[in-house]
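> coordinates only, no sequence provided:
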């Protein structure tokens, strides 16, 4: 596939990721407190779908790992808000099995196997480890948010979520600079500003 098509998929994903933050930020500023609109999770799920495809096309395990870990948490939050059940069954079924289908295809088409995925000449091993740790930390924010929301029986974005977001985002920014990945860089430089602003808003309400 031509590079411009691959980058277009990645940029579209980051536009949606950034768009979700803009929506959440604008609504929170309007309400004078941190809120969690359904549109945030809907845009997250679509963006995650696209970024997973981007990571696959770039043979980038770190990107795919991050999306695999958060994909189902976005779905669970939509479920908690009662939005997931409103989608047609066929779409819900496709979204649920999509990562599995990619995995089956990737490891059975003789183009990508485990060795190829972990021995990408463009990604030194240490950088791959750094990127994977960054994605895990970035993903932990949603695991933390998920547990927090399950405990409170509603979808909430708490202080710890934004703190982990900022830490993971800074690490991914470093990965993006070394990897020379404009998609990751642009997405996370903007995201860091929103994470800091949400932390400030939450501190004001303590």
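It's in. Not measured: the values here are computed from a predicted model.

> would you map the helices across the protein?
When assigned using DSSP state H, the helices of the chain occupy the ranges 3-31, 38-57, 61-80, 89-106, 114-118, 125-152, 159-179, 182-204.

> and those helices, which one is worst for confidence?
When the helices of the chain are ranked by mean pLDDT, helix 114-118 comes last with a mean of 58.

> so what's the residue count around residue 147?
11 (other C-beta atoms under 10 Å). (Each C-beta comes from the backbone N, C-alpha and C, glycine too.)

> for residue 160, same thing?
Neighbourhood size, residue 160 [other C-beta under 10 Å]: 15.

> then residue 205?
9.

> and for residue 171?
The local packing of residue 171 (other C-beta under 10 Å) involves 19 other residues.

> how close does residue 44 get to residue 75?
10 Å (C-beta to C-beta, to the nearest Å).

> ok, residue 30 next?
Using C-beta to C-beta, residue 30 is found at 27 Å from residue 75.

> these two: which is more packed in?
Between residue 30 and residue 75, counting by other C-beta under 10 Å, residue 75 is the more crowded of the two (20 against 9).

> excluding covalently adjacent residues, which one is nearest to that one?
Leaving aside its sequence neighbours, residue 75 sits nearest to residue 84 (C-beta to C-beta, 6 or more residues apart in numbering; 6.0 Å).

> next: residue 85.
Using C-beta to C-beta, 6+ apart, the closest residue to residue 85 is residue 79 (7.0 Å).

> contacts only, for residue 96.
residue 75 (C-beta atoms under 8 Å, 6 or more residues apart in numbering).

> make that residue 41, sorry
74, 77, 78, 81, 83, 155.

> and which of those is nearest residue 129?
residue 74 (25.9 Å; C-beta to C-beta).
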